[in-house]
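Peer 1: how does the following fold in three dimensions:
(chains A and B)
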There are 2 protein chains.
Amino acid sequence: MSENFYVVPISKHNDLIAAAYAHRGFDQEECEAAAKFSAYASWHGIRTHNAIKALHLDDHFGSKSEGCVPGARIEKRETGFAASQIWNANKKLGQATAYAAMDEAIAMADRYGIGQVSVDNAFHYLWGGGYVMEAAEKGYIAYTNCTAALAEVVPFMGKYPTLGTNPHSWGFPTSDAVGFPVVIDWATSVVAMGRVQQFQREGTALPPDAAVDSEGAMTTDPNQVAALTTFGKHKGYGLSVINEIMGAFIGGSLPTIRSRWGSVENEKHTPAFYFQVIHPDAVSGNAFSQGRSQAENVKSVLEDIVGHGNEQCLLPGELEARAAARSKQNDGLLFTEAELAAFNQVASECNQLGWDIESLVVAK
Amino acid sequence: MSENFYVVPISKHNDLIAAAYAHRGFDQEECEAAAKFSAYASWHGIRTHNAIKALHLDDHFGSKSEGCVPGARIEKRETGFAASQIWNANKKLGQATAYAAMDEAIAMADRYGIGQVSVDNAFHYLWGGGYVMEAAEKGYIAYTNCTAALAEVVPFMGKYPTLGTNPHSWGFPTSDAVGFPVVIDWATSVVAMGRVQQFQREGTALPPDAAVDSEGAMTTDPNQVAALTTFGKHKGYGLSVINEIMGAFIGGSLPTIRSRWGSVENEKHTPAFYFQVIHPDAVSGNAFSQGRSQAENVKSVLEDIVGHGNEQCLLPGELEARAAARSKQNDGLLFTEAELAAFNQVASECNQLGWDIESLVVAK
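Peer 2: Residues are numbered from 1 along each chain as shown, chains lettered A, B, ... in the order given. Predicted structure coming up:
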């Protein structure tokens, strides 16, 4: 396989992905959300959560399982709390749900300075960083967490996986300050289970402290891995517990049966989402040093962090911004030959024409 | 020195600490807040942030420096955002400021489901976990972060300290579920600088990946330490950047000059605080499996996490709950002989009688 990347125009990508979702019974709004979100991920170089991964998740946990219902309608529960909304997503496609929730949280932040949307009976939204990044590009501070599909991670010092890889995502409107939104976005496990499988295939050792065997002892042998560990010992463990507790307050059930349909009767198996948006004017003391504006002040602080000999350090979100710049330079989404083969498999499954690699330009 | 702990009645502790703060010019409300908060920390076994540490901080960064102004009045800035308040603390004592901010955030959460208070020109609030723990005991989900006094931490892959040890604290109202509030509370550095100094005195090696030398190379030699590192590599780095960015949006200036009074003219040197409270009813989908209540659902989820062979694992906040149980059993605060000596030094500085160790009961 070549290490070349090939340029796929966004419209071509979106037409195929929308067709693939339509073929699975999703409605037009859902197909557009799925296509738009995958394009946004690929534009920013997020190769772990592109359209191929999205459809793979739909195969295993979604509309081909019991986790996701095409055309599902969101029900909004009356809360009596003006800056809060609570939704029953009825297993609607995660990307469509997340876009809608972030829009509502933004509208509440415009009015109250802060707003939150909690979502029960959700289905995987793929890449939380994408939603907070887009909100940050619109000028807002945004946050989301969710309970990940499967319990694959042990609590700190534990031996049985009872926690999801439970990600957190924060986005900050720093485009005026540094040219791109600072986005902090990661799972609370050291590595993903997909990485363990990759190491198994390649016969290489895992990084230390990333996984345990069935007795709870740390192992770097990918064939001995029974479960993943949280990053930063008890600190990452605490961050993972946050998602489980928020999910439990919202309506999620036991982590060990999540996404395991049929494992226990009369129990919920769905993940939960939590979204929050803050208007930057609603936190501003408006008294910045040297008469700086808020954006100028943020710029000064960020430059101080990566100054003083730290110039080689990256700000969180900078890699994604570089990938976006390369996508923009090439006027399209960049995929490897192996990824193009996977897209052509998708095309064949939904009776679409694939992309002829000979007709695609090699990316600069 | 004996490893015994001695029991000091709360009233005795609070009288001394209030007198120490009064001696420094703080008003009655501030003295009471300082005493109450230190007692709360010691009650929960927080020996790193007890009254001795609080007064030590006041010596180095507070009323004996330029960082804290006794009797300062908080000014509230009109925001136009109903669920948001922005305060200029005018360097008021951190404990009094934080208590007041959390009360206001709770009042907004009662009305809007969520509320936030941002504080500019703040002074060290000691232990963020205490404020969120108390709010959680009152039934709320609470969060706070702040910019730590000094930049002692390098950005990921960096060599010059440009970040504070920037802590995050989350508290959850889980007393009905598991008997205590789950509290996640830590600095974003692997260790505190005080630990490095302790290792220097004891001549022992630091844990790996906790500190760098002046060239940015990892070192375990406490005498070679130029700066601390963030926990979990880029993940903890991102969490530390969050505090700096929030501080920058609120009104804080460059991290490298924070608390370094006189280092740069016409610049702010104060930290910033951020507080947020969520009403648990404002996130509840009210559709828990098996007809469980919200608290019963949270209990089931937490029991699932520390079940399945993970029974030896602790929930975040469990150690503090055990310390509180021991304090309750002894009906007072527990201090070592060395700590009692430090309290007697405090007493002598403010012309109070010290505590005669012979008159104190040894803790069970």
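Peer 1: go ahead and confirm residue A:343 touches residue A:20.
Peer 2: No: in this structure, residue A:343 is not within contact of residue A:20 by C-beta atoms under 8 Å, at 9.3 Å. (C-beta placed from N, C-alpha, C; glycine too.)
Peer 1: identify the contacts common to the two.
Peer 2: residue A:51 (C-beta atoms under 8 Å, 6 or more residues apart in numbering or on different chains).
Peer 1: can you give me the helices in the stretch 151-300 of chain A?
Peer 2: A:175-178, A:193-202, A:234-250, A:294-305 (DSSP state H, counting those that start in this stretch).
Peer 1: out of those, the one nearest residue B:253 is which?
Peer 2: Minimum separation from residue B:253 across these (C-beta to C-beta) falls at helix A:294-305, 7.2 Å.
Peer 1: what is the end-to-end distance of stretch A:224-239?
Peer 2: 26 Å (C-alpha to C-alpha, to the nearest Å).
Peer 1: most tightly packed of the helices of the stretch 151-300 of chain A?
Peer 2: Of all these, helix A:234-250 has the most neighbours on average by mean count of other C-beta atoms under 10 Å in any protein chain shown, namely a mean of 26.
Peer 1: tell me how far that helix lies from the chain's centre.
Peer 2: 17 Å (C-alpha atoms, centre = their mean, to the nearest Å).
Peer 1: and that helix, does that touch chain B?
Peer 2: Yes: interface with chain B: helix A:234-250 contributes A:234-239, A:241-242, A:244-250 (C-beta under 8 Å from any C-beta of the partner chain).
Peer 1: now swap in stretch A:123-134 and tell me
Peer 2: No: between stretch A:123-134 and chain B, judged by C-beta under 8 Å from any C-beta, nothing touches; the nearest distance is 10.9 Å.
Peer 1: returning to that earlier point: lowest average pLDDT across the helices of the stretch 151-300 of chain A?
Peer 2: Sorting the helices of the stretch 151-300 of chain A by mean pLDDT places helix A:193-202 lowest, at a mean of 92.
Peer 1: residues in contact with the residue of chain A most remote from its centre?
Peer 2: Distance from the C-alpha centroid of chain A, by C-alpha atoms, centre = their mean, peaks at residue A:290 (38.2 Å). Residues in contact with residue A:290 (C-beta under 8 Å, 6+ apart) are B:266-267.
Peer 1: repeat for residue A:324
Peer 2: Applying C-beta under 8 Å, 6+ apart, the residues contacting residue A:324 are A:43-45, A:180.
Peer 1: could I get the phi/psi values of it?
Peer 2: Main-chain torsions, residue A:324, degrees, to the nearest 10: phi -60, psi -40.
Peer 1: try the one 4 residues further on
Peer 2: Residue A:328 adopts backbone torsions of phi -60, psi -40, taken as degrees, to the nearest 10.
Peer 1: count of neighbours near it?
Peer 2: Residues lying near residue A:328 (other C-beta atoms under 10 Å in any protein chain shown) number 10.
Peer 1: circling back: mind checking pLDDT for the residue farthest from the centre of chain A?
Peer 2: At residue A:290, pLDDT is 95.
Peer 1: sorry, back to before: okay if I get the contacts of residue A:324 as a markdown table plus pLDDT and secondary structure?
Peer 2: As requested, the contacts of residue A:324 are exported to a markdown table (pLDDT from 0 to 100; DSSP: H, G, I helix; E, B strand; the rest coil):
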| residue | pLDDT | secondary structure |
| --- | --- | --- |
| A:43 | 98 | helix |
| A:44 | 98 | coil |
| A:45 | 97 | coil |
| A:180 | 98 | coil |
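Peer 1: among those residues, who's most crowded?
Peer 2: residue A:44 (23 neighbours).
Peer 1: need the helices of the stretch 151-300 of chain A in JSON lines (columns: distance to residue A:141).
Peer 2: Output for the helices of the stretch 151-300 of chain A, formatted as JSON lines (distance: least, C-beta to C-beta, whole Å):
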{"stretch": "helix A:175-178", "distance to residue A:141": "13"}
{"stretch": "helix A:193-202", "distance to residue A:141": "30"}
{"stretch": "helix A:234-250", "distance to residue A:141": "18"}
{"stretch": "helix A:294-305", "distance to residue A:141": "11"}
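Peer 1: among the ones you listed, which is nearest residue A:15?
Peer 2: For residue A:15, the closest of those is helix A:193-202, at 27.6 Å, according to C-beta to C-beta.
Peer 1: show the average pLDDT along the host helix or strand of residue A:105.
Peer 2: Per DSSP states H and E: residue A:105 is located in helix A:94-112. The pLDDT scores in helix A:94-112 average 98.
Peer 1: following the chain onward from that helix, which element is next?
Peer 2: strand A:114-120.
Peer 1: count of neighbours near the residue nearest to residue A:306 when sequence neighbours are not counted?
Peer 2: Leaving aside its chain neighbours, residue A:306 sits nearest to residue A:313 (4.9 Å; criterion: C-beta to C-beta, 6 or more residues apart in numbering or on different chains). Neighbourhood size, residue A:313 [other C-beta under 10 Å]: 21.
Peer 1: pretty sure residue A:313 is in a helix, no?
Peer 2: No: assigned with DSSP: H, G, I helix; E, B strand; the rest coil, residue A:313 falls outside any helix and is coil.
Peer 1: pretty sure it contacts residue B:155?
Peer 2: Yes: contact status for residue A:313 versus residue B:155: in contact at 4.3 Å, counting by C-beta under 8 Å.
Peer 1: mind listing the shared neighbours of those two?
Peer 2: Shared contacts of residue A:313 and residue B:155 (C-beta under 8 Å, 6+ apart): A:305-306.
Peer 1: which strands and helices sit next to the helix holding residue A:105?
Peer 2: helix A:28-43, strand A:84-88, strand A:114-120, helix A:128-137, strand A:141-146, strand A:273-278 (3 or more C-beta pairs under 8 Å, 6 or more residues apart in numbering or on different chains; DSSP states H and E).
Peer 1: out of those, which gets nearest to residue A:187?
Peer 2: So among the helices and strands packed on helix A:94-112, helix A:128-137 is nearest, using C-beta to C-beta, at 9.7 Å.
Peer 1: grab the nearest non-local neighbour of the spatially most central residue of chain A.
Peer 2: In chain A, the centroid-proximal residue (C-alpha atoms, centre = their mean) is residue A:127; its distance is 1.3 Å. Using C-beta to C-beta, 6+ apart and skipping residues adjacent in sequence, the residue nearest residue A:127 is residue A:49, 3.9 Å away.
Peer 1: quickly note the distance from the residue nearest to the centre of chain A to chain B.
Peer 2: 15 Å (C-beta to the nearest C-beta, to the nearest Å).
Peer 1: now swap in residue A:179 and tell me
Peer 2: 15 Å.
Peer 1: if I look at that residue, how far off is residue A:137?
Peer 2: 11 Å (C-beta to C-beta, to the nearest Å).
Peer 1: quick one, which of these two is more surrounded?
Peer 2: residue A:137 (15 against 11).
Peer 1: wait, residue A:286 touches residue B:75, no?
Peer 2: No: in terms of C-beta under 8 Å, residue A:286 does not count as a neighbour of residue B:75; the distance is 11.8 Å.
Peer 1: centre of the chain versus the lowest-mean-pLDDT helix or strand in chain A, how much separation?
Peer 2: The weakest-scoring helix or strand in chain A, judged by mean pLDDT, DSSP states H and E, is helix A:193-202 (a mean of 92). Between the centre of helix A:193-202 and the centre of its host chain there is 20 Å, according to C-alpha atoms, centre = their mean.
Peer 1: now stretch A:121-128
Peer 2: 8 Å.
Peer 1: what's in contact with that stretch?
Peer 2: A:37, A:41, A:46, A:49, A:53-54, A:57, A:61-62, A:67-68, A:88-95, A:97-98, A:131, A:144-146, A:149, A:167-169, A:185, A:251, A:268, A:270-273, B:285, B:287.
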